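K.L.:
coords below, sequence missing:
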């Protein structure tokens, strides 16, 4: 998956999620199980988003955030990080879990950013919460809410937003 523009059709969504799942499957059986859990959340959220009307700029920011989240999760799994094993991604259906709600919120914030360089930092809220059970859903929601009011430079100082370069 690269920086190419995503066509938010059902087929493109299914292919994107399929590539995500296949890439995780290549990393081993544990990663395949993780992909099985994250795949439906990503697919359902993206299919919901496709029903909404966005400007070209909003669509570009949404596409950028989507590709960034998927790529960064795959990268983290490749270096041995383990997706959180609590109930963060569990719910009665894909839209009732904290993980699905956080992903939707992150994508909405990314889509609406006029400072495009904030998109990756905001996308890191979901990516980092996906791996760290120490980041509660409430804490992630709070940081997501505050992100709009902060500048790019301010966001660079927030640990939940900055990608961990130590692994």
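P.N.:
Yep, it's here. What you see is a predicted model; the values in this text were computed from it and never measured. Numbers count the residues shown, from 1 in each chain.
K.L.:
Next up, the contacts around residue 161.
P.N.:
Taking Cβ atoms under 8 Å, 6 or more residues apart in numbering as the contact definition, residue 161 lies against 121, 122, 124, 125, 128, 143, 147, 155. Backbone N, C-alpha and C define where each C-beta goes, glycine included.
K.L.:
So the fourth one sits against residue 103, correct?
P.N.:
No - here residue 125 lies out of contact with residue 103, judged by Cβ atoms under 8 Å, at a distance of 9.5 Å.
K.L.:
re the thing from before, which of the contacts of residue 161 has the weakest pLDDT?
P.N.:
Looking at the contacts of residue 161 by pLDDT, the weakest one is residue 155, with 86.
K.L.:
can you pull the contacts of it?
P.N.:
Neighbouring residues of residue 155 by Cβ under 8 Å, 6+ apart: 118, 121, 122, 147, 161.
K.L.:
Out of the residues you listed, the closest to residue 54 would be?
P.N.:
Here the nearest of those to residue 54, counting by Cβ to Cβ, is residue 122; it sits at 16.4 Å.
K.L.:
Helix, strand, or coil at that closest one?
P.N.:
What DSSP: H, G, I helix; E, B strand; the rest coil gives for residue 122 is helix.
K.L.:
What is the burial count for it?
P.N.:
Residue 122 has 27 neighbouring residues, counting by other Cβ atoms under 10 Å.
K.L.:
ok, now how distant is it from residue 96?
P.N.:
23 Å (Cβ to Cβ, to the nearest Å).
K.L.:
Same question for the helix or strand where residue 101 lies: list its buried residues.
P.N.:
Using DSSP states H and E, residue 101 sits within helix 98-112. Judged by neighbour count (16 or more other Cβ atoms under 10 Å), helix 98-112 contains these buried residues: 98-111.
K.L.:
Pull the number of nearby residues for residue 126.
P.N.:
23.
K.L.:
what's the answer for the one 3 residues further on, then?
P.N.:
Look at residue 129: counted by other Cβ under 10 Å, it has 26 neighbours.
K.L.:
Can you tell me which of the contacts of residue 155 is closest to residue 80?
P.N.:
Nearest to residue 80, judged by Cβ to Cβ, of the contacts of residue 155 is residue 161 at 22.0 Å.
K.L.:
Does the closest one belong to a helix, a strand or coil?
P.N.:
What three-state DSSP gives for residue 161 is coil.
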